[in-house]
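Provided below are the primary sequence and the corresponding predicted coordinates.
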Amino acid sequence: MLEINDLHVSVGDREILKGLTLKVAAGEVAAIMGPNGTGKSTLSYVIAGREGYSITRGEILLNGVNLLQLAPHLRAANGVFLAFQYPVEIPGVACMQFLKAAMNAQRRSRGEEEINTPEFMKRVREESEKLKISQEMLRRPLNSGFSGGEKKRMEILQMALLQPKLSILDETDSGLDIDALKTVSEGVNSLRSSDTAFLIITHYQRLLDYIKPDTVHVMAQGRIQKSGGADLALELEKHGYQDYISNEAA
Amino acid sequence: MSLDSLETNPPFSINYAQVSAQGISRERQEAWARYSKLGLPNHRLEAWRYTDFRSACSKTFEPADKIIDHVVLEREHDSFRLVLIDGSLRHDLSDLDLMPDGVIIENISDSPSKLNENFSFNSTIFSNLITDSIVDLNTALASDECLILIAKDIHLNKPIEILNIFTKKCSVFTRILVDLSENSRIKIIETIKNNSAHGVQVNHVLSVKLAQNSELNLFSYLSGSGLSCTGVSTLLAQLGRGASLNSNFLYDLNGFFRRQVFAKLTEERASIALNGIVLAKNKDHIDNAITIEHCAPNTTSNESFRYILNNNSLGVFQGKIIVRPEAQKSDGFMQSKAILLSDLAAMNSKPELEIFADDVKCSHGSTCGQIDKEQLFYLMSRGLEELEAKSLLIEAFAFEAFSTLNDDGISEFTRNILAEWLYTERQMS
């Protein structure tokens, strides 16, 4: 589903991603782990299409479509979803207004009919109940004054409503207490299917206790250094990232 | 230009003797005398530093002729209408005979005694706040002067709509006085609409006096498809004990325009909210100059303005809050924020606080910037295309100013105006 080949990305003069190659198959949950400052968030932003990065080499394909040629909204319409590490507060835009606008924008981009209001309300109610999101919260402006946990649950609600093919979770576990972590993980697990893929970016094993990955990739120094199964995460938890950093330095 | 030369050569090429032929009140004469001394305000006056009105009016237009044109007006609001066309009160278009009990509307321009009897309007009330001659000029030259009297305890659900429409190249001097008696509560929709294809010069005054516990919700809308509108609209407000004025102002007009507010909170617990959304494009110059004087304890003022500036337009916000020594426990806040949609647009913002009491809460804030890139990316990453995302953010930004607007109809109306404006600007870019 997702295929990243020899990706080189710079910010200003500094090269952050240095030839990253990664494949994620349909139905797969891939975890990317690594120390701070290795470019994990950069990778997620580059896939989603944020400005400010220069891509000097390589390609990102989603089901054969080169994402790098598409504006962010078209990447979304093609099935990319990024759950932000720090969801942006947008005062003045009501959650419901935003959710409907997003769903309809993607539908329009794909040439589909817009969702009608009763159907929309029904879907929001179903999904928000699963995530323990109150109606009161949905009446507030988007992410405005939300707690860390509320923001992350709002991200997962959007993911559930937009039904992306590829979901990238950028440190979704940060700032969550155990209960919120469980709720969010259950939300993610319920969206796993044979035709969706997940890229889960995290520092810690903890999240992976709740969302079992199929593959684990160690990222350091702007590259994938090692790939393996779920055991690799446990190994990292024991030994840390030291080996991968010193490899590069030597 | 020196003041001496102005005296002999007033910038409005109006024959004052003609205007006053029917007999002229002392008030008008005195106002004219004061105006003649000062002339139109220019940038050397601190309050007019960013808005040089004298230069903008270097060519002055003749007053409107008295020819009654046939005008068809569509109804945009369910309201009691008071219609002025090019400065003249139009009985045929107004709902003067339909006004409900407790509401009296009179044209008092021919009977200055009534003016003094009903409404102690004179510039002396505001003379310590007003340092220029604009209001004096209006006093001297106002054509049909309308007085709206609201009796005690009257609550009107339907708004009174003041439609001030310009259809031809002329100078217009209009004045509306509103007097709310105790415990009365009304809404006013004030629409200034420029349809003149050859420009217009405007000097409009709306003067409101709110007696104890009365409440006025004022929505002012400046619009029009006409060519450049050069002018000043002044709101004078005097608030008694527990009175409340909630003013929301929407600006979408081509031209060089200043809206100034002089408000006095004269008795305890008076409160005023002045909010505004400014939509400017091309070479528009829009100035909001606000002076609020807290004269009594426990008075509240709140100002919130949002500017959306495109092309070469210039926004100005000048807010001054004065707290008198006796006005302890006053609460004053003002905020202006601007989004510049073009590299050539500019914003001048100058907040001033003059506080003479020690137990008060007063603050201000001002920002000027572009659309937030993080917010834009967030929305686009959810599938909204760039223009749609920008429109959503601009709408959200603008509506922050109207947080005290508690009127679904006006809210919807504003949303539509904004959407239309954004759509037009989108087509241009």
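Yep, that arrived.

residue ranges of the helices in the stretch 101-250 of chain B, please?
With DSSP state H, counting those that start in this stretch as the criterion, the stretch 101-250 of chain B has helices at B:112-118, B:123-126, B:134-141.

sorry, that was for chain A
The residue ranges that make up the helices of chain A, judged by DSSP state H, are A:40-48, A:72-77, A:95-109, A:117-130, A:135-139, A:148-162, A:178-190, A:206-210, A:231-239, A:242-249.

what mean pLDDT does the fifth one have?
For helix A:135-139, the mean pLDDT works out to 90.

quick check, that helix touching chain B?
No - contact between helix A:135-139 and chain B, assessed by Cβ under 8 Å from any Cβ of the partner chain, is absent, since the two come no nearer than 15.0 Å. Heads up, the C-betas are built off the backbone N, CA and C, glycines and all.

so what does that helix touch, helix or strand wise?
With contacts defined as 3 or more Cβ pairs under 8 Å, 6 or more residues apart in numbering or on different chains; DSSP states H and E, the secondary structure elements packing on helix A:135-139 are helix A:95-109, helix A:117-130.

Tell me how many other residues surround the closest residue to chain A within the stretch 251-400 of chain B.
Taking Cβ to the nearest Cβ as the measure, the point where the stretch 251-400 of chain B comes nearest chain A is B:Ala396, at 2.8 Å. By other Cβ atoms under 10 Å in any protein chain shown, the residues close to B:Ala396 number 20.

quick revisit: among the helices and strands packed on helix A:135-139, which is the most enclosed?
Using mean count of other Cβ atoms under 10 Å in any protein chain shown, the stretch among those with the largest mean neighbour count is helix A:95-109, at a mean of 19.

out of the helices of chain A, which comes closest to B:Asn312?
When the helices of chain A are compared for distance to B:Asn312 using Cβ to Cβ, the nearest one is helix A:72-77, at 30.0 Å.

By mean pLDDT, which helix or strand of the chain comes out lowest?
Since you didn't name a chain, this refers to chain A. Every helix and strand of chain A was ranked by mean pLDDT, DSSP states H and E. The lowest is helix A:242-249, at a mean of 63.

my bad, the chain I had in mind was chain B
helix B:3-8 (a mean of 36).

check contacts around the residue positioned nearest the centre of chain A.
Taking Cα atoms, centre = their mean, the centroid of chain A lies closest to A:Ile168, which sits 1.8 Å from it. Residues near A:Ile168 by Cβ atoms under 8 Å, 6 or more residues apart in numbering or on different chains: A:Ser44, A:Ile47, A:Ala48, A:Val80, A:Phe81, A:Leu82, A:Ala83, A:Phe198, A:Leu199, A:Ile201.

Near chain B, list only the ones from those.
Taking Cβ under 8 Å from any Cβ, the overlap between the contacts of A:Ile168 and the neighbourhood of chain B is A:Ala48, A:Val80, A:Phe81, A:Leu82.

tell me the two of these that are most distant?
The most widely separated members of the ones next to chain B among the contacts of A:Ile168 are A:Ala48 and A:Phe81, with 8.2 Å between them, by Cβ to Cβ.

Need the residues touching each of the two.
With Cβ under 8 Å, 6+ apart, A:Ala48 and A:Phe81 have common neighbours A:Ile168, B:Ser381.

helix, strand or coil for the residue of the stretch 251-400 of chain B closest to chain A?
B:Ala396 falls in the helix class when you classify it by DSSP: H, G, I helix; E, B strand; the rest coil.

which residues touch it?
A:Ile90, A:Pro91, A:Gly92, A:Val93, A:Pro141 are the contacts of B:Ala396 under Cβ under 8 Å, 6+ apart.

If we only consider these, which is nearest to B:Ile148?
Closest to B:Ile148 out of the contacts of B:Ala396 is A:Gly92 (34.4 Å), distances taken as Cβ to Cβ.

Tell me how many other residues surround that closest one.
Counted with other Cβ under 10 Å, the burial measure for A:Gly92 works out to 18 neighbours.

out of everything not next to it in sequence, what's closest to it?
On the basis of Cβ to Cβ, 6 or more residues apart in numbering or on different chains, the spatially nearest residue to A:Gly92 that is not a chain neighbour turns out to be B:Ala396, at 2.8 Å.

For the residue of chain B positioned farthest from its centre, what are phi and psi?
When distances are taken from the C-alpha mean of chain B, B:Ser381 lies farthest, 40.5 Å away, according to Cα atoms, centre = their mean. As for B:Ser381, its main-chain torsions (degrees, to the nearest 10) stand at phi -70, psi -10.

Okay, and which of the contacts of B:Ala396 map to strands?
Restricting these to those inside strands, with DSSP state E as the criterion, leaves A:Ile90, A:Pro91, A:Gly92, A:Val93, A:Pro141.

are any of the residues you listed buried, and which?
When these are checked for burial by 16 or more other Cβ atoms under 10 Å in any protein chain shown, the buried set is A:Ile90, A:Gly92, A:Val93, A:Pro141.

Quick check: the residue of chain A nearest chain B.
For chain A, the nearest residue to chain B under the criterion Cβ to the nearest Cβ is A:Gly92, separated by 2.8 Å.

Poorly predicted segments of chain A, please.
Within chain A, the stretches with pLDDT under 70 are A:246-250.

Which positions in it make contact with chain B?
Residues of chain A lying close to chain B by Cβ under 8 Å from any Cβ are A:48-51, A:71-73, A:75-77, A:80-82, A:84, A:87-88, A:90-93, A:97-98, A:101-103, A:105-106, A:109, A:141, A:158, A:162.
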